[in-house]
Each structure stands twice: as structure tokens, then as C-alpha cells.
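> would you be able to build a 3D model of this:
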Amino acid sequence: MLRFGFIGVGGRGTYLMQLALGMGGIEVPAVCDIDEQHLANALNAAEAAQGRRPEGFSGGRYAYRHLLERDDLDAVVIATPMQLHAEMAVDSLRAGKNVLSEVAAAVTLAQCWELVRAVRETGRAYMMAENVCYYRHILALREMLARGVFGELTYAECGYVHDCRSLMVLPDGRLTWRGELGRDSVGNWYPTHSLGPVAQWMGINRGDRLQSLVSYSTRAVGLAHYAREALGLPADAIGPGFGGDSNTCLIRTAMGKVIELRFDVCSNRPTLSTTYFTLQGANASYDDRDGVTRIYIEGRSPAHSWESMDAYLPEFEHPLWTKFHETADASGHGGADYYALREFCDCLREQRPVPVDVVDAVTWSCIVPLSAQSMLAEGEPVEVPDFSLRA
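Numbers count the residues shown, from 1 in each chain. Model prediction:
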């Protein structure tokens, strides 16, 4: 039986808690949230699911540290605002707990290095719960790559383009944690949903690594427009400091691959999918930028014609999807949340390495500060640290 504590039990954290309890073989002895109503809702939900009410912790910024004092927790799940993830994860690791953290892992380079040090010094497991890595077509592409369908990879485009303005500013003009993060970071502050799958496809930290990037951002107009036109607020209601509506990074790997990474949560546009991907290899291409998954495979596809990716799914289903999809399909994000949580649990039980470890987590997350650094330097190249070398 695995015993989990949950730090942050708003909508996302409570959902993950209920998903874990529904898997079987998991108990939740303790939960924490500074919002008393969130805490009460989670305690009620856990009691209904497991027949026993967890201990609840609240009362201030560091209430979670009292949860960490318990000696009956195998792991903690962190589902708080992103700015808090790294500090809470480090505290949890140093308290002897394994950690599953929501994205991103960190928002500064100092936090990235501290996370790496904490994992190495404690020997505890750390996994970032990047659910996009577990979408069905993302997994199928991993299987295709493993079987050599694409040949040598050269290039990828990916992005998180999602109109999140209603999640960033409240009707009275106050900023949510997302809004505060958008104000405080002027680059790409949500990179892992799009970069994570590409990094796995390209073998980043497993034979190749991210080496350098350049970054540019547009002017910031979208959030002020939303505040004025949709909420009826003064144009200056959200305040200064926002870095730009759309940020683009060009990332070069040590082996000469190039990744174009875009981020935009402030532009007024329909959302077909929050993420998009293209992938180019010597033998095959993949593209889903308009919400349609399609592929071209040399020697199999009609000449100069895309085919539906769906036609190839039965042949290239990933073993994880094949094994669990009937159960996972009932969970969020097309089953992806289930797979991420399930992988973490199985790795703890089987004492094997987690699939998105601390080096992956900080490599994908360091785009937050590095994109801002390059943008503020008017697009100067910035080196990406090799987090596998030292801590």
C-alpha cells in the first residue's frame, strides 16, 4: 500500500487525489491547502473514497511543512501554483518523501540546481507529472521512433497556444497566480507541455542535450484588451510588467537538431488544441498544427500526401496505452493524467527509475528563466546548462 500526501487540493489537486484513490493500493493519510474550503472539500472527498478522513493542514504559507513531519507518507503530490513547486519539492525530498510535482518543476535556475542537489543528496525519487507526454498519439510517435520509422531526426516545432486570459485576471482586475507569473516572467513561462514530448522524441538527456537558445517576444496587448473589452476595466487595470503576448524560442541541441518552441496564452484566438507539434526525420514527417494528426512515411504513404495518424495507431500503439487505456480513458486529458500517476506509482513499487526524472524536469523547465534572459538581451544566444554534470 502506497501512502500519499497531497499539497495543494484545489480543483486540480483534488482531482489527482481522487484519481489516485480510484486506482487501488493507495491511501491518503494527509492533505494540505491554505484555502480552508478547498481543504474541507478534499477531506470530504478522501473520506468518501477510502472510508477514513485524512489529517488536514492549513493556516499559512508553510503549513505543508507540518504535513512533511509525518512519518507515514511514502510520497507527496504537489499541485500548488507553479511558483511554489520547487521550494515545496525540495522541502519534501529533504523530509524523506518521494515527490510527484505538477509542471513546471521550477521558475529560476537557482531552483533548478537546488532540485537536482536535493534528489542526489537524499536518494529520493522525483518525477514531474508532464501529462502531454502520455497522449495517445504522442506515445505512438515514441513507438514509431523506437522502431526507426522516422530515421534520424533533424527538426521539431511545438507550442502551447491557449487563450488563458480568463484564467489570469479576475473580473475585478486582480491577477490570479497565472497572471502574477505572466507579469513576473517575460519569456516562456509554461514550456513543458510542448517541449516535453519533443525532448523525449529527440533523446534529450539520453544521448543528446539542449545546448543553446535564442528568444523573442511580441508586445503585450492581449491581456489589457481583454480587461478593457471583456471585463469593462480601465486599460491600465492589470498594471505594468507583462513581457509580451507571444514568445518564440529557437533551441539548438548538441547534435545539431533545432526546436522551434512557441508560447502564447494572451492572444484572442480559438483553441483547437492547447499544444501542437511537427516532427521531421529523414524518413518521415508528422504534423498536427491545425488540430488534425497526420503523418507522411517514405515508402508507405502516397507520394507527397499526408495520411491520418489514426491509420497507424493500431500498428504502433505504445505498450503503456495498450495495457491501461480502458481504465485511463475515463480520466482527464484523454487518459494522460492516469498514465503519469500510474507510472509514478509503479516506479515506486518496482523501485525503478521514473520516466521524467529531475534532470528532465529542470532541463524542460529552465526555459522559463533562459527565454526571459535571451529576450531581455534582445535575442542574444543563451547556453542551456547540462544538469547531468553537477549540482
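> report how many residues lie close to Pro240.
Neighbourhood size, Pro240 [other Cβ atoms under 10 Å]: 7. No exception for glycine: its C-beta is placed from N, CA and C like everyone else's.
> assign it to helix, strand or coil.
Under DSSP: H, G, I helix; E, B strand; the rest coil, Pro240 falls in the coil class.
> quick one: pLDDT of it?
Pro240 is assigned a pLDDT of 79 by the prediction.
> then Ser58?
97.
> check what pLDDT the nearest residue to it once chain neighbours are set aside gets.
In this structure, Ser58 finds its nearest non-sequential neighbour in Leu39, 5.1 Å apart by Cβ to Cβ, 6 or more residues apart in numbering. Among the per-residue scores, Leu39 shows a pLDDT of 98.
> ok, Leu39 touching Gly56?
Yes - contact criterion Cβ atoms under 8 Å: Leu39 and Gly56 qualify, at 5.0 Å.
> how about the strands of the stretch 51-200 of the chain, start to end?
Assigned by DSSP state E, counting those that start in this stretch, the strands in the stretch 51-200 of the chain fall at 55-57, 75-78, 98-101, 126-128, 153-161.
> any chance of TSV for those, columns mean neighbour count and distance to Trp177?
Output for the strands of the stretch 51-200 of the chain, formatted as TSV (neighbours: other Cβ atoms under 10 Å; distance: least, Cβ to Cβ, whole Å):
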stretch	mean neighbour count	distance to Trp177
strand 55-57	19	20
strand 75-78	26	14
strand 98-101	28	15
strand 126-128	28	18
strand 153-161	20	17
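> quick one, which of those is nearest to Ser388?
Evaluated with Cβ to Cβ, the strands of the stretch 51-200 of the chain place strand 126-128 nearest to Ser388, the distance being 14.2 Å.
> show me what counts as buried in stretch 272-281.
Ser273, Thr274, Thr275, Tyr276, Phe277, Thr278, Leu279, Gln280, Gly281 (16 or more other Cβ atoms under 10 Å).
> in PDB, list the C-alpha atoms belonging to it.
The C-alpha coordinates for stretch 272-281 follow below in PDB (Å, rounded to 0.1, in the frame of the first residue of the first chain):
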ATOM      1  CA  LEU A 272      -8.300  23.600 -31.300                       C
ATOM      2  CA  SER A 273      -5.700  22.100 -29.000                       C
ATOM      3  CA  THR A 274      -3.600  23.700 -26.300                       C
ATOM      4  CA  THR A 275      -0.500  22.100 -27.800                       C
ATOM      5  CA  TYR A 276       0.800  21.500 -31.300                       C
ATOM      6  CA  PHE A 277       3.700  19.500 -32.800                       C
ATOM      7  CA  THR A 278       5.600  18.900 -36.000                       C
ATOM      8  CA  LEU A 279       8.400  16.500 -36.300                       C
ATOM      9  CA  GLN A 280      10.900  16.000 -39.100                       C
ATOM     10  CA  GLY A 281      13.000  13.000 -39.700                       C
END
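> could the strands of the stretch 51-200 of the chain go into a markdown table alongside distance to Thr176?
Putting the strands of the stretch 51-200 of the chain into a markdown table (distance: least, Cβ to Cβ, whole Å) gives the following:
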| stretch | distance to Thr176 |
| --- | --- |
| strand 55-57 | 23 |
| strand 75-78 | 18 |
| strand 98-101 | 20 |
| strand 126-128 | 22 |
| strand 153-161 | 17 |
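> of all those strands, which lies closest to Leu19?
Comparing the strands of the stretch 51-200 of the chain by Cβ to Cβ, strand 75-78 comes nearest, at 10.0 Å.
> how does the chain divide into domains?
2-130, 133-320+355-383 (automatic domain parsing).
> possible to save these as TSV with distance to Arg349?
Listed next are the domains of the chain as TSV, based on distance: least, Cβ to Cβ, whole Å:
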stretch	distance to Arg349
domain 2-130	7
domain 133-320+355-383	14
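> quick one: closest of those to Tyr338.
Tyr338 sits nearest to domain 2-130 of all the domains of the chain, at 6.4 Å, using Cβ to Cβ.
> that closest one: end-to-end distance?
Terminal residues of domain 2-130 lie 21 Å apart, using Cα to Cα, to the nearest Å.
> just use 829 as the starting number from now, easier for me
Will do, 829 is the new start, and the previous item becomes domain 830-958.
> any regions of the stretch 829-978 of the chain where pLDDT drops low?
Scanning the stretch 829-978 of the chain for pLDDT under 70 picks out no residues.
> quick one: the helices in it?
839-851, 864-878, 892-896, 913-922, 937-950, 964-974 (DSSP state H, counting those that start in this stretch).
> the fourth one packs against which elements?
Under the contact criterion of 3 or more Cβ pairs under 8 Å, 6 or more residues apart in numbering; DSSP states H and E, helix 913-922 touches helix 892-896, strand 903-906, strand 926-929, helix 937-950.
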